[in-house]
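Novice: Structure of the sequence below:
(one chain, ligands or ions: 1)
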Amino acid sequence: MSLDGEYAPSPAQWVRDQVELYESSGGHQGTTLRDTGLPVVIVTNRGNKSGKIRKTPLMRVEHDGQYLLVASQGGAPKNPVWYYNLAADPDHVELQDGPDRFAVRVRELHGGERAEWWRRAVAAFPPYAEYQEKTERTIPVFLATRSD
Ligand code: F42
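Specialist: Alright, predicted model coming up:
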């Protein structure tokens with residue numbers, strides 16, 4: 001499966017630059033968050049209203065071949081738009097982890113399952129804990145599982 005269609009880059013310059021470098025280098029450059037050295041994956045999906053292709057860099061939270069997608073948005077009060085796009089079409093998503101790119105299905109986690117994965121998320125990227133303290137919302141998370 002491959003998601004085809006018109007690509008609408010992020011309006012945020014640093015985000016679209018990261019996607020461009022990550023993809024044009026075949027997943028060998030631009031693979032960390034700024035100068036943190038912490039790894040990033042790229043999630044590709046469709047906008048649920050426009051139908052356009054959207055690409056979102058997220059921190060890499062991997063365990064046993066599955067990935068957690070954390071809709072933290074830096075602890076902002078509102079969920080990022082990509083959260084709603086994935087919730088609307090969870091079966092048509094791609095994930096790139098370095099040079100590897102594959103189709104995934106995503107599902108939102110709640111309760112104990114979320115708590116277990118949240119610990120892994122904070123271990124991979126400690127600022128997630130501060131982001132959760134900063135916001136009233138429970139930061140939503142999706143588990144991405146390979147579907148190809
Ligand atoms: N964001 C996170 O939430 N978690 C992370 O772990 C994370 C890590 C990260 C690492 C590197 C990096 O470069 C960025 C990172 N980000 C992380 C930021 C992330 O990549 C996103 O930029 C951020 O979460 C904001 O996502 P967003 O989907 O809210 O993006 C906004 C700015 C956006 O693109 N808006 C579009 C626009 O044109 O204004 C809308 C896009 C859209 O999907 N539109 C829909 C459509 O149909 O096309 C319709 C929307 C509607 O319902 O009206």
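
Novice: and this structure, which residues reach the ligand?
Specialist: For the chain, the residues in contact with the ligand (C-beta under 6 Å from any ligand atom) are 10-12, 15, 18, 33, 40, 47-50, 52, 54, 56-59, 70-73, 80-82, 84-85. Any C-beta I mention is one placed from the backbone N, CA and C, and that applies to glycine too.

Novice: Please narrow these to those residing in strands.
Specialist: Counting by DSSP state E, the part of the residues of the chain next to the ligand found in strands is 40, 54, 56-59, 70.

Novice: So which residue is smack in the middle of this protein?
Specialist: residue 58 (3.8 Å; C-alpha atoms, centre = their mean).

Novice: Any idea what that one is bridged to?
Specialist: residue 41 (DSSP bridges).

Novice: Wait, it touches residue 73, no?
Specialist: No: Residue 58 is not in contact with residue 73 according to C-beta atoms under 8 Å; the separation is 10.6 Å.
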